[in-house]
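S.K.: Here you go, sequence then predicted model.
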Amino acid sequence: MDKILEDGFTYEEVKIAKEVQKLISPNLKIAATSVRVPVMVGHSISLAIEFANPIDPEMAKALLAKSPSIKISPHDYTTPVEAEGKDDVFVGRIRRDPTVEHGLLLWLVSDNLRRGAALDAVEIAEKLLSV
């Protein structure tokens, strides 16, 4: 169980926000919620995104489908059990967020022993060696 910090967030939630900001932009505003559940392998994320411009779920799905290492979930959503042993991040439940003007809600799942760990290290090394 993670310790709840003075601001109400846990260490893991702060770590998630800092990692995403490091990858995308330090100015990106993130409010993460992390919940530990008993699964053997896998990370699951419920993601709310607010965009500067309008985007509909079908447009987002088409863009994500073209992205490397991303797979659109074949049946609305993927569970950690289904993602186990696979290299991709599965994205499903892509829908409008009714609480903000240009928002989407998504469900992401990946095998955390591959994506975010060993596989990412191998892919980074391959890119560096090919330069």
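M.R.: Okay, I see it. Numbering: from 1, shown residues only.
S.K.: So which residues of the chain form helices?
M.R.: Along the chain, counting by DSSP state H, helices occupy 11-23, 57-65, 80-83, 119-130.
S.K.: so can I have TSV of those helices showing distance to residue 48?
M.R.: Using the backbone N, CA and C atoms, a C-beta is placed for each residue, glycine as well. TSV is the format used below for those (distance: least, C-beta to C-beta, whole Å):
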stretch	distance to residue 48
helix 11-23	13
helix 57-65	13
helix 80-83	20
helix 119-130	24
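S.K.: Residue 97: which of those helices is closest?
M.R.: Set against residue 97 and scored by C-beta to C-beta, the helices of the chain come closest in helix 57-65, at 10.1 Å.
S.K.: Quick one: list the elements packing against the closest one.
M.R.: On a contact count with 3 or more C-beta pairs under 8 Å, 6 or more residues apart in numbering; DSSP states H and E, helix 57-65 meets strand 70-72, strand 89-96, strand 103-110.
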